[in-house]
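In: model this:
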Amino acid sequence: MLDRATYDRDGFAIFPGLLGGPVLAQLQAESDRVFAEGLRQEASPLFDYEPVPDGTPKVVQRLRKPTAYAPFYMELARQPAILDLVEPLLGPDIRLHHSKINVKAPGVGSPLEWHQDWAFIPHSNRSLAIVSVFIDDCPTEKGPMLMLPGSQLGMLHDHHHDGLFFGAIDPASLDLNTAVELPGPAGTVTVHTPMTVHGSGFNRGQSVRRILFFEYAAADAWPLFYGVDYAEFDSRIVRGHASNQPRLEPVFVKMPYPTAVAGTGKIYDQQQQFALKHFR
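Out: Modelled structure (predicted):
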């Protein structure tokens with residue numbers, strides 16, 4: 001059970017090995033199948049690949065919208081063990097805003113610089129929660145997520161520099177001595193707020209590290225940066241009921257959102273252009 005007082009204080013919570021047994025086995029088997037397909041594809045609108053040298057084997061970096069790629073992932077997004085963690089934070093009516101699987105292959109897996117998810121997903125209110133599910137074991141050497149406790153209580157940091165959106169925070173503006181590492185075995189689940197500052201380094205281990213992310217929002221939290229296809233929007237209600245009345249709260253928004261440096265708007269491409277990297 002989520003300790004609300006600790007979550008409100010730190011901005012995150014971790015549940016080692018929460019998912020196990022047949023659910024974890026199916027998650028791993030389905031992910032193995034999906035990523036094997038990704039390596040066979042010449043190009044895909046959903047798979048991103050690491051920028052490896054010409055002539056070397058391709059390496060998957062990310063699968064965007066796995067719930068749109070394979071039905072199993074949407075089934076997992078409705079898993080009661082996960083939604084029971086989220087409901088106390090968002091209320092009984094919950095929408096899946098987005099999903100992705102970030103991959104860190106040993107030796108070549110890209111880090112993610114310090115950032116706040118809110119910079120990418122501003123909504124009409126802050127009733128959002130980001131859940132991660134460890135597909136593989138993620139010990140320290142594999143580059144687990146790093147969180148800055150209490151950072152969600154502060155401001156939205158600049159993710160823009162020189163008028164361009166890089167999706168990264170200048171590390172000199174952060175107290176990185178407070179960073180907390182979130183390692184864990186496969187099946188571990190974490191939850192963090194969209195305002196919590198976090199990042200992750202390189203995979204210095206010997207095997208792949210894959211983490212599935214579900215971004216959940218209250219049904220009355222509406223995205224501020226794209227139009228809504230009602231049928232598709234409501235199809236992502238994973239618990240409770242849809243709402244056609246956005247709840248409005250004072251929220252942080254920094255514009256322009258986003259100005260793509262590399263022309264793609266993908267976080268890895270954006271951050272690759274960022275001069276003030278922390279993870280090297």
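In: Can you list phi and psi of the closest residue to Gly184 other than its chain neighbours for me?
Out: Closest residue to Gly184 apart from its sequence neighbours, by CB to CB, 6 or more residues apart in numbering: Pro16 at 4.6 Å. Yep, even glycine has a C-beta here, placed from its N, CA and C like the rest. Phi and psi for Pro16, reported as degrees, to the nearest 10, are phi -60, psi 130.
In: so Ser99 sits right up against Leu212, yeah?
Out: Yes: between Ser99 and Leu212 there is a contact under CB atoms under 8 Å: 7.3 Å.
In: Spit out the residues that contact those two alike.
Out: 66, 73 (CB atoms under 8 Å, 6 or more residues apart in numbering).
In: Pretty sure the residue nearest to Gly184 sits against Thr188.
Out: Yes: using CB under 8 Å, Pro16 makes contact with Thr188 at a distance of 4.9 Å.
In: higher neighbour count, these two?
Out: More crowded of Pro16 and Thr188, by other CB atoms under 10 Å: Thr188, with 24 against 13.
In: Any idea what the nearest residue to that one once chain neighbours are set aside is bridged to?
Out: Leaving out its chain neighbours, the residue that sits closest to Thr188 by CB to CB, 6+ apart is Phe134, at 4.3 Å. Beta-bridge pairing for Phe134 (DSSP bridges): Ile211.
In: which residues sit in contact with Phe134?
Out: Taking CB under 8 Å, 6+ apart, we find Phe134 in contact with 184-189, 210-211.
In: Model confidence score at it, please.
Out: Listed pLDDT for Phe134 reads 98.
In: separation between it and Gly187?
Out: For Phe134, the distance to Gly187 equals 6 Å [CB to CB, to the nearest Å].
In: tell me, how many neighbours does Gly163 end up with?
Out: Residues lying near Gly163 (other CB under 10 Å) number 7.
In: for Ala119, that is, sorry about that
Out: 25.
In: give me phi/psi at it?
Out: Dihedral pair for Ala119: phi -60, psi -30, per degrees, to the nearest 10.
In: Name the nearest residue to it, sequence neighbours excluded.
Out: Per CB to CB, 6+ apart, closest to Ala119 is His159, 4.2 Å.
In: show me what contacts that neighbour?
Out: Contact analysis of His159 by CB under 8 Å, 6+ apart lists 115-116, 119, 165-169, 254.
In: Just give the nearest non-adjacent residue to Asp3, would you?
Out: Closest to Asp3 by CB to CB, 6+ apart is Ala13, at 6.9 Å.
In: For the one you found, report the pLDDT, please.
Out: Here, the pLDDT recorded for Ala13 equals 98.
In: who's it bridged to?
Out: Judged by DSSP bridges, the bridge partners of Ala13 are Val191.
In: how about the strands of this protein, start to end?
Out: Secondary structure of the chain by DSSP state E: the strands cover 12-15, 47-49, 60-64, 94-104, 112-115, 128-134, 145-147, 160-161, 164-165, 180-182, 189-192, 198-200, 209-218, 237-239.
In: Give me the residues contacting the second one.
Out: Applying CB under 8 Å, 6+ apart, the set of residues contacting strand 47-49 from outside is 38, 41, 58-64, 266, 268.
In: got it, and the fifth one?
Out: Contacts of strand 112-115 from elsewhere in the structure, counted by CB under 8 Å, 6+ apart, are 102, 148, 159, 167-169, 171, 174, 176, 197-200, 267-268, 271, 274, 277-279.
In: Quick one: buried ones out of the residues you listed?
Out: 102, 148, 159, 167-169, 174, 197-200, 267-268, 271, 274, 278-279 (16 or more other CB atoms under 10 Å).
In: rewinding a little: what about the residue nearest to Ala119, distance to Pro183?
Out: Using CB to CB, His159 is found at 26 Å from Pro183.
In: Likewise for Thr56?
Out: 29 Å.
In: Between these two, point out the one with more neighbours.
Out: Pro183 (17 against 9).
In: Per-residue confidence, the more buried one, what does it come out as?
Out: We have a pLDDT of 98 for Pro183.
In: What of Gln272?
Out: pLDDT, Gln272: 67.
In: Would you enumerate the residues in contact with the residue nearest to Arg78 when sequence neighbours are not counted?
Out: Among residues not flanking Arg78 along the chain, Val238 sits closest, at 4.9 Å (CB to CB, 6+ apart). Shown in contact with Val238 (CB under 8 Å, 6+ apart): 77-78, 83, 94-96, 216.
In: Understood, closing this out.
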